[in-house]
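**Student:** Coordinates only, no sequence provided:
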C-alpha cells in the first residue's frame, strides 16, 4: 500500500529537513494556518513562536525576513541591513518566483532566488519555533538555531519598536 504524499511544495520542505539531519516535526493542520494567529492556535504555542517568512523587494532584489508572529517587520531596518534604499513587501508573483511557494505558505528553505535571509533575534530565544512548510495547512517545528543554520540567515533586529 502506498503512503499519501505531501503536496509537492511541502514534500520539498520535508526532503530538505530529512536530508539536513535536523531534528524537526512537520505536521498538517486540517483547520489551516493562513495567519500567524491561526497557526499559533492550531499548533498550541505562543504567537511569538510562529515564524512569519516575509519576502521584501529591496531595489529589485528579493530578501526573506523571518519575524515572530506577534510583531511587525520594520521596513527601514530591513532596508538598512540589506543595503538598499527602500524595502517593500513583495507582490505575489515576486514571492512565487523568489521562493517557489505561494504567498501565505512560504517556507524559509529551500528557496529559489532569495539573495539574503534575515532572522529577528527575538526568535532565537525560544526552544522551538514553527515555520510555514509550503502550504497554508502545513507547519514544521525546529530549534531556532537550526532554522538560522538551514536558512543561512543573518540575525538582526527586524521588528518595529513598541509593537
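**Tutor:** Looks like it came in fine. Since this is a predicted model, take the numbers as computed values, not measurements. Residues are numbered from 1 along each chain as shown.

**Student:** Could you pull out the strands in this protein for me?
**Tutor:** All strands of the chain, identified by DSSP state E, fall at 24-28, 51-58, 61-68, 87-89, 116-120, 129-132, 138-142, 154-156.

**Student:** so which of those strands gets nearest residue 106?
**Tutor:** The closest of these to residue 106 is strand 51-58. By Cβ to Cβ, the value is 4.3 Å. Where you see a C-beta, it was placed from the backbone N, CA and C, and this is true even at glycine.

**Student:** What is the closest one packed up against?
**Tutor:** The contact analysis (3 or more Cβ pairs under 8 Å, 6 or more residues apart in numbering; DSSP states H and E) places strand 51-58 against strand 61-68, helix 75-82, strand 87-89, helix 92-99, strand 129-132.

**Student:** Throw those into CSV and include mean pLDDT, distance to residue 147 and mean neighbour count, thanks.
**Tutor:** Listed next are these as CSV, based on pLDDT from 0 to 100; distance: least, Cβ to Cβ, whole Å; neighbours: other Cβ atoms under 10 Å:
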stretch, mean pLDDT, distance to residue 147, mean neighbour count
strand 61-68, 98, 7, 24
helix 75-82, 98, 18, 17
strand 87-89, 97, 21, 17
helix 92-99, 97, 15, 17
strand 129-132, 98, 6, 27
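
**Student:** Any chance of a markdown table for these, columns distance to residue 160?
**Tutor:** As requested, the helices and strands packed on strand 51-58 are exported to a markdown table (distance: least, Cβ to Cβ, whole Å):
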| stretch | distance to residue 160 |
| --- | --- |
| strand 61-68 | 9 |
| helix 75-82 | 8 |
| strand 87-89 | 13 |
| helix 92-99 | 21 |
| strand 129-132 | 19 |
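
**Student:** can you tell which of those is closest to residue 25?
**Tutor:** Shortest separation from residue 25 across those is recorded for strand 129-132, at 9.2 Å, computed as Cβ to Cβ.

**Student:** before we move on, back to that, would you turn the strands of the chain into a markdown table with distance to residue 45?
**Tutor:** Formatted as a markdown table, the strands of the chain follow (distance: least, Cβ to Cβ, whole Å):
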| stretch | distance to residue 45 |
| --- | --- |
| strand 24-28 | 12 |
| strand 51-58 | 11 |
| strand 61-68 | 11 |
| strand 87-89 | 25 |
| strand 116-120 | 17 |
| strand 129-132 | 6 |
| strand 138-142 | 8 |
| strand 154-156 | 21 |
